[in-house]
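*Asks:* Sequence and computational prediction follow.
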Amino acid sequence: MKFLGSEHYVATPDLMLAVNAAITLQRPLLIKGEPGTGKTMLAEEVARALNLPLLQWHVKSTTKAQQGLYEYDAVSRLRDSQLAGAGDERVKDIRNYIVKGQLWQAFSAEQPVALLIDEIDKADIEFPNDLLRELDRMEFYVYETREWVRAKHRPLVFITSNNEKELPDAFLRRCFFHFIKFPEPDTMQAIVDVHFPGLKKELLAAALKTFYEVRKLPGLKKKPSTSELIDWLKLLLAEDIPLETLQSQDEKIAIPPLVGALLKNEQDLTLFEKLVMMQSRNR
Ligand SMILES: Nc1ncnc2c1ncn2[C@@H]1O[C@H](COP(=O)(O)OP(=O)(O)OP(=O)(O)O)[C@@H](O)[C@H]1O
Ligand SMILES: [Mg+2]
């Protein structure tokens, strides 16, 4: 099993190396990076390229580690016992009321699978700590049925984080770490090519120049990311924006058309407008 990138996803050599290191070590791959730099998509693409079914666990602030293992549905059992009577065969067997979580499904799968634990930093600090043994030994105990669940095949685990919270050291020790750096212009060009093959070279060059200029603005609260660039290009094409609107004549910055695809709050827009105003005053 080796990941060599895919036709829908541009992976830099260091990213491929990280994926393959995690496969070799059989440890979870912890991926960090700015929002929109392709963390979630990486798991989808690796799974697709290696022909592994992908189980996805999207973490929320209220998610508990236990939910990824299993949940005991006591409410349904109570309801069934009231409707059918406590003597009912289904009600007697507690197994019928155990709902398997993503981890259990991954552990019990007949073939190797990939498992994505997306945005682990959204949950509270207990969450990663509660998963240490499960991710390390790939096993857990079900108290209700007094049985061990052990992975038939170690799943290929991807964990993404936006760095909203620090992860505990004991958790980090068990992972292979990779930070997706913001793509350099040539990588970005390759990414855009994947999404818009046949895009005119001049338009792409002008759009990328504007995009990186916007990102370079000092004091920006939220820099536009890869996914925002893709959205913006989609709009430029749909609206048939002429190339001249993107190319500044005298190397001055101007507010790009459809700027709402790139800048997502009023402070950043104001900052931009101020800069443009100062420029015209200095003229
Ligand atoms: N390397 C890449 N190759 C191709 N497309 C990419 C790449 N990186 C990002 N994209 C584009 O950016 C979009 C966003 O990617 P994704 O949802 O994986 O980001 P993310 O890092 O998970 O963001 P968030 O932290 O907000 O969840 C993708 O749908 C894809 O269109
Ligand atoms: Mg994501």
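*Replies:* Noted; the coordinates are in hand. Everything numeric in this text was worked out from a predicted model, so none of it was measured. Ligands and ions are numbered 1, 2, ... in the order given.

*Asks:* got the CA coordinates for stretch 38-45 in PDB?
*Replies:* Taking C-alpha atoms only, stretch 38-45 is exported to PDB below (Å, rounded to 0.1, in the frame of the first residue of the first chain):
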ATOM      1  CA  GLY A  38      -7.300  19.900   1.800                       C
ATOM      2  CA  LYS A  39      -7.100  18.000   5.100                       C
ATOM      3  CA  THR A  40     -10.500  16.300   4.900                       C
ATOM      4  CA  MET A  41     -10.100  15.800   1.200                       C
ATOM      5  CA  LEU A  42      -6.800  14.000   1.800                       C
ATOM      6  CA  ALA A  43      -8.400  11.200   3.700                       C
ATOM      7  CA  GLU A  44     -11.100  10.800   1.000                       C
ATOM      8  CA  GLU A  45      -8.500  10.700  -1.700                       C
END
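
*Asks:* got a list of contacts for it?
*Replies:* 6, 8-9, 11, 15, 19, 31-33, 54, 56, 114, 116, 118, 158, 160, 180, 191, 226 (CB atoms under 8 Å, 6 or more residues apart in numbering). Placement of C-beta: from N, CA and C, glycine included.

*Asks:* Can you give me the buried ones in it?
*Replies:* Buried positions in stretch 38-45, judged by neighbour count with 16 or more other CB atoms under 10 Å: 38-40, 42-45.

*Asks:* and that stretch, how far from the chain's centre?
*Replies:* Its chain's C-alpha centre lies 6 Å from the corresponding centre of stretch 38-45 when counted by CA atoms, centre = their mean, to the nearest Å.

*Asks:* What average pLDDT does it get?
*Replies:* For stretch 38-45, mean pLDDT is 97.

*Asks:* Same question for stretch 224-236.
*Replies:* The average pLDDT for stretch 224-236 rounds to 95.

*Asks:* Would you mind listing what in the stretch 151-283 of the chain touches ligand 1?
*Replies:* Counting by CB under 6 Å from any ligand atom, the stretch 151-283 of the chain comes close to ligand 1 at 160, 162, 191, 194, 226-227, 230.
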